[in-house]
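# predicted model, plus sequence, below.
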Amino acid sequence: MGRPRIDDFGTLSPTVHSDQNILQFREVTVRYGRLPALRDVSFEIPCGESTAILGANGAGKSTLLRSILGWQPLASGEIRIGDSHPQHARPRMAYVPQRHAVDWDFPITVRGVVEQGRYPSLGLFGRLSADDRRHVDRAMEELGIGDLEGRQIRMLSGGQQQRVFLARALAQGGDIFLLDEPFAGLDLFGTEELVHILRNWEAQGRTVLAAVHDLAIARTCFTRGVLLDTSLVAAGPIAEVLSPANVDRAYRQGRCVHGHGGEAGP
Amino acid sequence: MSLHDLFIGPLSYEFMRRGLLSAMLLGVSGGLLGCVLILRRMALMGDALSHSLLPGIAVAWLLFGTSTTALFFGGLVAGLLTAIGSALLSRLTRVKEDAAFGSLFIVFFGAGVALISRLPTRINLADFLFGNVLGVSVGDLRLAAAVSAATAAVFILFYRSILLETFDPVFHRATGGRGGLVHMGFLTFTVLNLVAAMQTMGVVLALGLFLLPAVSAYLWCDRFRSMLALSIAFATLGSLFGILLSFHAGLASGASVVLCLGAIFIVSALLSPRYGAVVALRRGLIPRRHP
């Protein structure tokens, strides 16, 4: 599959080999106390595609992201990150937090947040170099927030706020972008903006993994899906994953909700 | 009264020089720590922590007398016990962390007051609680200088880690930051500074030197770095005028520092051009045009 190579952010660029799986889950089980949050989950994420992590509340979406980032000890199984591609021996994770997890009143500007993307590569005593600044400028430019660099982050629209954090992830030069509920709390306009950006990223062959609530959005802007109900319901191309039977299994646990409207849908 | 009498006169007394210098030095570190405290919404926890130092200090006094080192370690142990104890309580029982902290610190504080009220010596409970600038010894001043320098050095060296852990701890940890370490270090430095500030400010009022300058600076600044700088400026100025006020008006030193810082805070809260109350009310009064 010939996809365009994306701009070289950082030293690593997600080159496109869809046959390469950059992320592999093998029979992963995670427990909170005695309650399993993920049960025997196995799937693979090909490099350069966008994948939606789907499922009802408590199905393990966040746990899955957290376990990839390494904050969630696994009860059993393994997560293999990286593939045989020489540049992907240790891929870097770029994480975009949920909107409600951010203190929007924090005394920080747009540029200040995007610069944070460069911090991990600076070590303890390094200073931002001209090269780092260029990364920051390019990330802001790509997401169209260059004019806003001096603004405090509260003084932005919802879509702009989301783009600031996406720009930070870009400035980081990540190989895998992990987005935790990126659509939560966005208005209609912000949602459209983000759909547009994610489609672009998809076309550029960036590997994106996002926890998503809204099935319609998942269908329009992700090519693959991982549907969870603590255990894996389905993984693969989004249309197959979101077949009526699978959705029914994941969201309704076999209960009938078509009857008298007494019960809310997903 | 001439300017000389106001500012230079008090400095002819050695205890005033020591007290003033000590308060201003701790203003630097308190101003820095306060910013992190309020941005992480730990203001009330800091308050609880400061109260909980009392029994440690009382026990140290009982065993070792006026030794600065002993008081310091006594306070440190009591503060850390409260922090670790409430962390354990919230994890092992149903009690949430804020309730655990609140309950534990009040028990500690009660124990401290009980101990001090039984002390056979002529020391005064009020000095412990509200500070007495007359009591600042050379050892206290050295302690204040060391703690202040160490805190400032940590903020300079680990500026980025501190900013990340404060703004976005999840991102910090995701990118390999040692979040737990930064958090523990932060608590430890808060206790260190509280103990060092105890002599001039008293355990109950010491936190004012941390919180008030930081929350005032928060009302003016849109950048973390400038907030830190302004907070230091407010804290040192407030200490200077507070100690002078306590000298001229014969007030408890901790209380007068807190009053000066409180004045800065109230002015900031009312008049800050972007985040103040006056501007918010005015905006409310002028009807918005709807498109």
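Nice, thanks for sending it over.
# secondary structure element holding A:His213?
A:His213 is part of no helix or strand when elements are defined by DSSP states H and E.
# what number of residues lie near it?
Residues lying near A:His213 (other CB atoms under 10 Å in any protein chain shown) number 16. Any C-beta I mention is one placed from the backbone N, CA and C, and that applies to glycine too.
# cool, B:Gly30 as well?
B:Gly30 has 37 nearby residues by other CB under 10 Å.
# pretty sure it is touching B:Ala197, no?
Yes - B:Gly30 is within contact range of B:Ala197, at 6.6 Å (criterion: CB atoms under 8 Å).
# overlap in contacts, the two.
B:Ala206, B:Leu209 (CB atoms under 8 Å, 6 or more residues apart in numbering or on different chains).
# tell me where chain A has helices.
A:61-69, A:110-116, A:119-122, A:130-142, A:158-172, A:188-203, A:215-221, A:238-241, A:244-252 (DSSP state H).
# likewise the stretch 1-150 of chain B?
In the stretch 1-150 of chain B, the segments counted as helices under DSSP state H, counting those that start in this stretch are B:3, B:14-39, B:43-52, B:54-64, B:68-92, B:97-118, B:125-130, B:138-157.
# export the ones you listed to CSV and tack on mean pLDDT and distance to chain A?
Below are the helices of the stretch 1-150 of chain B laid out as CSV (pLDDT from 0 to 100; distance: least, CB to the nearest CB, whole Å):
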stretch, mean pLDDT, distance to chain A
helix B:3, 73, 36
helix B:14-39, 92, 6
helix B:43-52, 87, 14
helix B:54-64, 86, 32
helix B:68-92, 86, 12
helix B:97-118, 88, 18
helix B:125-130, 76, 32
helix B:138-157, 92, 7
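# most packed of those?
Of all the helices of the stretch 1-150 of chain B, helix B:14-39 has the most neighbours on average by mean count of other CB atoms under 10 Å in any protein chain shown, namely a mean of 25.
# what's the angle from that one to helix B:43-52?
140 degrees (axes from the mean of the first three to the mean of the last three CA atoms, to 10 degrees).
# contacting residues around A:Arg118?
So A:Arg118 contacts A:Leu128, A:Asp132, A:His135, A:Val136, A:Ala171, A:Gln172 (CB under 8 Å, 6+ apart).
# nearest to A:Glu115, of these?
Each of the contacts of A:Arg118 was scored against A:Glu115 by CB to CB, and A:Val136 proved nearest at 5.5 Å.
# so that closest one touches A:Glu115, yeah?
Yes - assessed by CB under 8 Å, A:Val136 is found in contact with A:Glu115 at 5.5 Å.
# can you list residues touching both of the two?
A:Leu128, A:Ala171.
# circling back to that earlier point, now the helices of the stretch 1-150 of chain B as TSV including distance to B:Thr190?
Shown next, in TSV, are the helices of the stretch 1-150 of chain B (distance: least, CB to CB, whole Å):
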stretch	distance to B:Thr190
helix B:3	37
helix B:14-39	6
helix B:43-52	6
helix B:54-64	15
helix B:68-92	8
helix B:97-118	13
helix B:125-130	19
helix B:138-157	9
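# re the thing from before, so which of the contacts of A:Arg118 reach chain B?
Contacts with chain B are made by A:Gln172 out of the contacts of A:Arg118, judged by CB under 8 Å from any CB of the partner chain.
# still on that earlier bit, ok, which of the helices of chain A comes nearest B:Gly284?
Closest among these, using CB to CB: helix A:158-172, at 23.1 Å.
# quick one, that closest one and helix A:130-142 angle?
Going by the same axes, to 10 degrees, helix A:158-172 makes 150 degrees with helix A:130-142.
# B:Asp140 against B:Ser22, yeah?
Yes - contact criterion CB under 8 Å: B:Asp140 and B:Ser22 qualify, at 6.2 Å.
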